[in-house]
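In: Fold the stuff below for me.
(chains A and B)
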Amino acid sequence: MDNSKSKTPDMSVTIAGVTLKNPVMTASGTFGSGMEYGQFVDLNRLGAVVTKGVAAVPWEGNPTPRVAEVYGGMLNAIGLQNPGIDVFIERDLAFLKDYDTRVIVNVCGHTEEEYLEVVERLAGESRVDMLEINVSCPNVKQGAIAFGTDPDTLCRITQRIKRIAAQPVIMKLTPNVTDIAEMARAAEAGGADAISLINTITGMKIDVETRRFVLANRTGGLSGPAIKPVAVRMVWQASQAVRIPVIGMGGIASAEDAAEFMLAGASAVAVGAMNFHDPYLTERVVDGLEAYLERHGIDSAAQLTGAVIG
Amino acid sequence: MEKCTTTVSTCAEIAETIYDLQLQLPETSRWEVRPGQFVGLYPGSAARLLMRPISICTAIKPDRLRLVFRAGGPGTKELAGLRPGETVDVLGPLGNGYDVEMLAGGRVLLLGGGIGIPPMLGLARSLTAADAEVTAVLGYRNGELFLKDDFERAAAHVLIACEDGSTGVRGNVLDALRVAQEETAHEVPADAICACGPLPMLRAVRRYAAERKLPCFISLEERMACGVGACLGCVVRTRAVDGHSHVRNARICTEGPVFAAEDVEI
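Out: Prediction:
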């Protein structure tokens, strides 16, 4: 009997030498460090947990209201509140030690030195499989997005991080630029091992009855299904421009959405704002993606990457 | 904590824009609900992805919830349109709730203002069952005294205030306490205060409690995204560095919504 057709597809993907059991990650900032969503999903089933951004010292973040719903999405201006790298290592990283999933730590800072300090601290942490450098948060006044909107600055900070990083480095790009391909090339030129995109799109909401900004920060980052077509387009453009792997995200709400990002050129994907809608979503996307591959007779998830026709 | 699909038993407007929604949990779900906890209700429209945080009025049974909420924005208006037999997805039970054990046996003032009234009903019942002497002070906008009859069965004493003066004392919950004191020549006795309502009311209640050196617990609300402590959207400024966040912010959805009044900056 020929069983080859019913063989379950190989879900593993490899990014910068790190093999993930499947291409489904969490998007930074939407999943904490996994503790909260561990009540809903088995973290062992995820390709990677990407943690909320961590800085050298605790950050208080922005005033409230920090979140608002908009049509098909949401705005947030959390402002990268985080407990700082010491608590992160002692508590969050220790928590993840018990799980069989890849750990990608998202790193943020106000200055280049602050990023470097966190990267250096993490160099000795064997539980950290990769670093994702947040040069794209729209909600922090200094640093963050400023590093991600100018190609020369992006290239330079990537170089400096690469010099001291012990783990592969993913540069997380902002969509708030004119030419995403140029930014992708700048990260690659700086030595990035991979890029991830998109971070949120800067947006705004005004309450017309009270005539006030809904968010205390006035502007916020738009995420959710509303941004998916923009994200898919940018993943495609970025993946055409570079040879390093691309991790795609922006409004993924289903396995089909994940497949769409991979067809556009992503080697892996991240589920973000829609975790808030469905706390079980990450596992559903893993299962659904496997079913998608079977349905289409595709042997491995890796074969989906860039396989859009035309 | 889980997200599950519930079936609407009833959904009725009990005062202008105030809805009484009763939900049947699925057979596999049995919730242990503490008074003061809340749920996230998901509008069915695909364009609305976030849950609406709504306090639990009472857990009628371990598989049956009563929620009383105000239909303000488009999401809650959609939820107000639910009909018996229809389904709605619910995330819960969320938050810490009140510490009934600590308040048991004492004299407890429950102050509810507007849409802060409903969660006080479940608390009144639990406290009365725990041998507390409950005085419920309810502040309404107008003469539509929703849940008043339920409170009269659940609490030893009920005081009513109406902003428009149509029934009870004209004013707010503190005006009702002041008038009660004038009428009886002594202050309404209390060992502790629990309150839920708009921020100006909570600030005034905190002052009232501090002047009398009474323990005071208040229930806060904020715009939320995840509801489970992951997104850090719904924080409140705290007096001291918070044990989880390591900054002076606590998550209302997780460390709250009930806080000791002196611990938060409102």
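In: Look up the closest residue to B:N172, ignoring the ones flanking it.
Out: Nearest residue to B:N172, sequence neighbours excluded (Cβ to Cβ, 6 or more residues apart in numbering or on different chains): B:G139, at 4.8 Å. (C-beta placed from N, C-alpha, C; glycine too.)
In: Can you tell me what sits against whichever helix or strand the one you found is part of?
Out: B:G139 is part of strand B:133-140, with elements assigned from DSSP states H and E. Residues external to strand B:133-140 that are found in contact with it (Cβ atoms under 8 Å, 6 or more residues apart in numbering or on different chains): B:106-114, B:117, B:120, B:124, B:127-128, B:145-148, B:151, B:154-163, B:167-168, B:172-173, B:176-177, B:188, B:190, B:197, B:201.
In: That strand - which strands sit beside it in the sheet, and in what orientation?
Out: Note on strand B:133-140: by DSSP bridges, its sheet partners are strand B:107-113 (parallel), strand B:157-162 (parallel).
In: Break chain B down into its structural domains.
Out: For chain B, automatic domain parsing gives the domain ranges B:2-94, B:100-219.
In: Quick one: mean pLDDT over stretch B:124-138.
Out: The pLDDT scores in stretch B:124-138 average 98.
In: Using PDB, write out every CA atom in that stretch.
Out: What follows is stretch B:124-138 as a C-alpha-only set of coordinates in PDB (Å, rounded to 0.1, in the frame of the first residue of the first chain):
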ATOM      1  CA  ALA B 124     -24.600  41.800  48.900                       C
ATOM      2  CA  ARG B 125     -25.800  38.300  48.600                       C
ATOM      3  CA  SER B 126     -22.500  36.700  49.400                       C
ATOM      4  CA  LEU B 127     -21.800  39.000  52.300                       C
ATOM      5  CA  THR B 128     -25.300  38.500  53.800                       C
ATOM      6  CA  ALA B 129     -24.700  34.700  53.500                       C
ATOM      7  CA  ALA B 130     -21.400  35.300  55.300                       C
ATOM      8  CA  ASP B 131     -23.300  36.900  58.300                       C
ATOM      9  CA  ALA B 132     -22.300  40.500  57.300                       C
ATOM     10  CA  GLU B 133     -24.700  43.300  58.000                       C
ATOM     11  CA  VAL B 134     -25.000  44.900  54.600                       C
ATOM     12  CA  THR B 135     -26.200  48.400  53.900                       C
ATOM     13  CA  ALA B 136     -26.600  49.000  50.200                       C
ATOM     14  CA  VAL B 137     -26.500  52.600  49.000                       C
ATOM     15  CA  LEU B 138     -27.600  52.900  45.400                       C
END
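In: Compute the number of surrounding residues for A:D98.
Out: Counted with other Cβ atoms under 10 Å in any protein chain shown, the neighbours of A:D98 add up to 9.
In: In stretch A:302-310, which residues are buried?
Out: A:A302, A:L304, A:T305, A:G306 (16 or more other Cβ atoms under 10 Å in any protein chain shown).
In: Just give me how far that stretch sits from the chain centre.
Out: 20 Å (Cα atoms, centre = their mean, to the nearest Å).
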